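Asks: Sequence plus the predicted model coming up.
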Amino acid sequence: MDTIDALLLARIQFAFTISFHIVFPALTIGLASYLAVLEGLWLKTQNKVYLDLYHFWIKAFAVAFGMGVVSGLVMAYQFGTNWSGFSRFAGGITGPLLAYEVLTAFFLEAGFLGVMLFGMARVGPGLHLMSTIMVSLGTLMSATWILASNSWMQTPQGHQVIDGRAVPVDWFAVIFNPSFPYRLTHMVVAAFLATALVVGAAAAWNLLRGRDNAAVRKMLAMAMGMVLVTAPIQAFIGDLHGLNTLEHQPAKLAAIEGHWENEPGKGVPLILFGVPDMEAETTKYALEIPNLGSLLLTHSWDGHVAGLKEFPRQDRPNSMVVFWSFRLMVGLGLLMILLGAIALWLRWRGRLYDSRAFQRFALVMGPAGLVAILAGWTTTEVGRQPWVVYGLQRTADAVSPHALGTVGVTLAIFVVVYLLVFGAGTTYLLRIMAKGPETGEGSHPVTGGPGEMRHPMRPLSGAPEQLDPAPSAAGPKGGY
C-alpha cells in the first residue's frame with residue numbers, strides 16, 4: 001500500500017509542477033511571436049502604436065519567460081529524483097532530445113534575449129528585429145524538442161529494447177513518431193490562441209476602465225483577429241489528432257468518450273455528459289446522440305470504436321478524469337470560436353470598441369486558453385496511464401523507490417514554495433497587463449548614463465504601485 005501511495009503522490013507532484021510550468025512557456029511562445037509581428041509592423045509602417053504595444057508587452061514577456069525557465073529547471077530534476085526508473089529505461093532517448101533543446105533553442109534564446117530586452121536604442125532596427133525573431137524561433141524550437149520527447153512516450157518508434165533499456169536505432173523515426181506532428185501543431189496553435197485571449201482580456205480590462213486609446217484598440221483588434229482565425233484551426237487540428245489517437249491509443253480514446261461496449265457494425269453514439277464508473281464498467285446518466293460518435297471519431301456513420309471492456313482492467317485509463325477534462329477543453333474551444341465570431345460581427349457593425357457586454361465576455365475568456373491547455377494536457381497524460389512509455393514501461397515501474405513520507409514532505413514543500421513564488425510572479429504579471437500601454441511609451445530615450453534621466457526598460461518597473469480605481473462613469477455604454 002505504501003508503494004502505491006508513494007506512486008500516487010509522485011504523480012501528483014509531477015502534475016502539480018508541470019501545470020505551473022506549461023502556463024508560462026505557452027505565454028512566451030505566443031508573446032514572442034506577437035512581439036516579432038509588432039516590431040515588424042512598426043518598422044514597415046512607422047506607426048508608433050505598434051511600438052507602444054511592443055514596449056508594453058515585452059515587460060510581460062520578460063516576467064513570463066523568467067518564470068518559465070525557473071519552473072522548467074524543477075521539471076528536469078524530477079526525472080532523476082522521482083522517476084529514476086524512467087530515466088534508466090528511456091534516458092537514452094529522452095536525454096538527447098532534451099540536450100538538443102538546450103543546444104539549439106536555449107542557446108538561441110540566451111544569445112538574443114538581452115539584445116531583444118535592452119538593445120532597441122543600442123543596435124540598429126534590423127538587428128533588433130532579427131533578435132526578436134530569433135527569440136521567437138527559439139521558443140518554437142524548444143516546443144519542438146519537448147513535444148518530440150513527449151510524443152515518443154505516447155507513440156514510441158525508432159527504438160529497440162536491449163537489456164531493459166530503450167535504445168535509439170532510428171532518430172528520424174524517434175523524433176517524427178506517429179503523433180508528433182499533431183501534438184506539435186496542436187500545442188503551438190494552443191499557445192497562440194491562449195496568448196491572443198490574454199491580450200484581448202487586457203485590452204477589454206482597459207476599455208472597461210475608461211482607458212480608450214489607439215494602442216488599446218489595436219491590441220483588442222489584433223487579439224480578436226487571431227482568435228477568429230486560430231480557434232477554428234485548432235478544432236480542425238484536434239479532429240486530426242483524434243483520428244491519430246484512435247489508431248495508436250484506442251484505450252485512451254475509449255476512456256475519453258466513456259464507451260465500454262460497442263458492437264461492430266453498429267454506429268457509436270456521442271456521449272455528451274455522463275458519469276463514468278470504473279468499477280461498474282459503465283457510464284451512468286449518459287446523455288447520448290446516436291451515431292454522432294462514429295461520425296466525429298471515424299468520419300463514417302457506422303464506424304467502430306473500441307470500448308474499454310476490450311482492454312484488460314489493468315490497462316485502462318481513468319475514464320472519469322479524461323472524460324471531463326476533454327469536455328472542459330472542447331467546451332472552452334467552442335466558446336473561443338463564439339468569441340471570435342461575435343468580434344467579427346461587432347467589427348462589421350462598427351461597435352467592437354463600444355460593446356461593454358462583449359468586453360466583459362472577452363475579459364472572462366482571458367484565462368480560457370490556459371485552462372484549456374491544462375485540460376488538454378490532463379487528457380493526454382492521464383489518458384496514457386498506466387503507461388509512462390505507451391506499451392513499453394508502466395508508470396509503477398518508472399517511479400523511484402522513495403518512502404511515502406519522503407514524497408509527501410517534498411510535495412508539501414513544492415506546494416508552499418510554488419504558491420508563494422509563482423503566485424507573486426503571476427500577480428505582478430497581471431499588474432503589468434492591467435496598467436495598459438502608454439501612448440508614446442516607445443518614444444522615451446533609453447540612453448541613460450550617470451546623472452541622466454531615462455525611461456526604465458526593466459520588466460520590474462512595468463507595474464504601477466497600485467491600480468487606478470475604476471472611474472464612476474468609465475467608457476461608452478451599450479451592449480450587443
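Replies: All right, it came through fine. Numbers count the residues shown, from 1 in each chain.

Asks: quick one: terminal-to-terminal distance for stretch 299-311?
Replies: 23 Å (CA to CA, to the nearest Å).

Asks: Mean confidence (pLDDT) on that stretch, please.
Replies: When pLDDT is averaged along stretch 299-311, the result is 86.

Asks: Contacts made by it with the rest, please.
Replies: Contacts to stretch 299-311, defined as CB atoms under 8 Å, 6 or more residues apart in numbering, come from residues 243, 246, 250-251, 253-255, 257, 259-262, 264-268, 281, 291, 293-295, 297-298, 316, 319. C-beta: built from backbone N, CA, C; applies to glycine.

Asks: repeat that with 7 Å
Replies: 246, 250-251, 253-255, 257, 259-262, 264-268, 281, 291, 293-295, 297-298, 316, 319 (CB atoms under 7 Å, 6 or more residues apart in numbering).

Asks: Which ones among those map onto helices?
Replies: Mapping those onto helices (DSSP state H) picks out 246, 250-251, 253-255, 257, 293-295, 297-298, 319.

Asks: Identify the single longest helix in this protein, thanks.
Replies: Longest helix in the chain by number of residues, with DSSP H as the criterion: helix 2-45.

Asks: can you give me the offset of that one from its chain's centre?
Replies: Relative to its chain's centre, helix 2-45 lies at 6 Å (CA atoms, centre = their mean, to the nearest Å).

Asks: Toward the C-terminus from that helix, list the very next helix or strand.
Replies: Remark: after helix 2-45, the chain's next helix or strand is helix 48-81, criterion DSSP states H and E.

Asks: for that next one, packing partners?
Replies: Here helix 48-81 touches helix 2-45, helix 84-101, helix 214-248, helix 404-435, going by 3 or more CB pairs under 7 Å, 6 or more residues apart in numbering; DSSP states H and E.

Asks: how far away is residue 318 from residue 438?
Replies: 49 Å (CB to CB, to the nearest Å).

Asks: Identify the residues contacting the lowest-mean-pLDDT helix or strand in the chain?
Replies: Least confident helix or strand, the chain: helix 292-298 with a mean of 85, by mean pLDDT, DSSP states H and E. Contacts to helix 292-298, defined as CB under 7 Å, 6+ apart, come from residues 242, 246, 257, 267-270, 300-303, 305.

Asks: among the helices and strands packed on helix 48-81, which is nearest residue 116?
Replies: helix 2-45 (7.8 Å; CB to CB).

Asks: between that closest one and helix 48-81, how many degrees?
Replies: 160 degrees (axes from the mean of the first three to the mean of the last three CA atoms, to 10 degrees).

Asks: Check residue 388 and give its pLDDT.
Replies: 93.

Asks: OK, contacts around residue 125?
Replies: residue 43.

Asks: Look up how far residue 43 lies from it.
Replies: In terms of CB to CB, residue 125 sits 6 Å off from residue 43.

Asks: Residue 429 too?
Replies: 27 Å.
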